[in-house]
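>>> can you look at this prediction? I've put the sequence above it.
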Amino acid sequence: MTARTLFVTGTDTEIGKTRIATALLRGLTAAGYTAVGYKPVASGCEDTSEGLRNEDALALAAAGSPGFGYDEINPYAFSPAIAPHIAAAEAGVAIDVDVLNAGHARLATRADWVIVEGAGGWHVPLGPELDFAGWVAARQWPTLLVVGMRLGCVNHALLSGRAIAARTRLVGWVANILPPRQPRLDDNLAWLEANMPGPCLAQVPTDPPVDYAIEPGCWIGRASG
């Protein structure tokens with residue numbers, strides 16, 4: 001078994017990447033696929049009796065298919081809630097692209113889909129010569145952009161969308177509608193739909209029910225690379 005992979009990035013931090021990634025995982029498992037989340041690098045982890053644990057990685061584990069260990073889903077975990085390259089440097093750890101690739105490969109042999117969630121935005125650095133953009137572009141993974149709908153999002157969305165499309169395949173983008181509701185939300189959505197370099201695949205309301213899942217049929221064919 002060799003999984004198909006989708007990379008989920010965002011216009012910023014705290015804009016809903018995990019919310020969308022877990023919805024995708026729930027949609028895939030509901031459709032009968034074996035699907036696993038991969039949070040290769042996470043900062044802001046809690047020190048537990050089982051080791052460092054990240055809230056986003058735990059959410060991915062809960063939303064995906066069973067049978068995958070936490071360390072498989074999140075190989076690099078750091079305590080401080082700061083940029084991952086700074087957290088790694090403070091911990092005396094060099095994030096190794098071979099470790100990132102090997103972790104993905106282990107998951108990909110046991111699943112139909114791997115949903116990889118980045119940290120922050122597209123160009124977040126992981127070290128002096130490595131960032132998420134370079135890693136994902138080298139793998140040519142199709143990428144989904146989560147746009148947090150709030151003041152300033154138009155600029156962030158357009159810059160991110162163009163940067164992704166220049167280096168790999170932008171599957172599309174999801175409008176994650178953040179509270180409080182953005183003034184002129186409909187106008188901003190219309191502008192982005194007309195000008196982004198990829199389609200809007202979903203508009204996610206502020207308060208969906210707990211079992212909300214994005215229907216995979218709307219994007220699964222686009223992300224089959």
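Good, I have the coordinates. Numbers count the residues shown, from 1 in each chain.

>>> where do the strands of this structure begin and end?
4-10, 35-38, 41-42, 46-48, 51-53, 76-77, 113-121, 125-127, 130-131, 143-149, 170-177, 200-204 (DSSP state E).

>>> could I have the lowest-mean-pLDDT helix or strand in the chain exported to PDB, CA atoms only?
Least confident helix or strand of the chain, by mean pLDDT, DSSP states H and E, is strand 200-204 with a mean of 91. C-alpha atoms of strand 200-204 as PDB (Å, rounded to 0.1, in the frame of the first residue of the first chain):
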ATOM      1  CA  CYS A 200     -12.400  27.500  -3.100                       C
ATOM      2  CA  LEU A 201     -13.200  24.000  -2.100                       C
ATOM      3  CA  ALA A 202     -15.200  24.800   1.000                       C
ATOM      4  CA  GLN A 203     -16.500  27.600   3.300                       C
ATOM      5  CA  VAL A 204     -16.400  26.300   6.800                       C
END
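
>>> the inter-axis angle of that strand versus strand 170-177?
Comparing the axes of strand 200-204 and strand 170-177 via axes from the mean of the first three to the mean of the last three CA atoms, to 10 degrees yields an angle of 20 degrees.

>>> report the buried residues of strand 200-204.
By neighbour count on 16 or more other CB atoms under 10 Å, the buried set for strand 200-204 is 201-202, 204. (Glycine included, C-beta is placed from N, CA and C.)

>>> then stretch 159-167?
For stretch 159-167, burial by neighbour count (16+ other CB under 10 Å) applies to 160-161, 163-164.

>>> same question for stretch 124-142.
124-126, 130-133, 135-137, 139, 141-142.

>>> pLDDT of it, averaged?
Averaged across stretch 124-142, the pLDDT comes to 97.

>>> so what touches it?
Residues external to stretch 124-142 that are found in contact with it (CB atoms under 8 Å, 6 or more residues apart in numbering): 5-7, 9, 41, 83-85, 88, 94-95, 97, 100-101, 116, 118-119, 122-123, 143, 163-164, 167-171, 222-225.

>>> can you get me the start-to-end distance on it?
From its first residue to its last, stretch 124-142 covers 18 Å (CA to CA, to the nearest Å).

>>> show me how far that stretch is from its chain's centre.
13 Å (CA atoms, centre = their mean, to the nearest Å).

>>> next one: stretch 145-163
15 Å.

>>> ok, now stretch 98-107?
With CA atoms, centre = their mean, you get 16 Å for stretch 98-107.

>>> quick check, pLDDT for residue 207.
Looking at residue 207, the pLDDT reads 73.

>>> contacting residues for it?
Residue 207 neighbours (CB under 8 Å, 6+ apart): residue 179.

>>> quick one: low-confidence ranges for this structure?
1, 208-225 (pLDDT under 70).

>>> what's across from the residue nearest to residue 14 when sequence neighbours are not counted in the sheet?
Leaving aside its sequence neighbours, residue 14 sits nearest to residue 148 (CB to CB, 6 or more residues apart in numbering; 7.6 Å). Assessed by DSSP bridges, residue 148 has beta-bridge partners residue 176.

>>> didn't residue 51 look like it was pressed against residue 78?
No. When contacts are counted by CB atoms under 8 Å, residue 51 is not listed as touching residue 78 (11.8 Å).

>>> of these two, which one has the most company?
residue 78 (23 against 12; other CB atoms under 10 Å).

>>> distance of the residue nearest to that one when sequence neighbours are not counted relative to residue 3?
Nearest non-adjacent residue to residue 78, counting by CB to CB, 6+ apart: residue 87, 3.7 Å away. For residue 87, the distance to residue 3 (CB to CB, to the nearest Å) stands at 28 Å.
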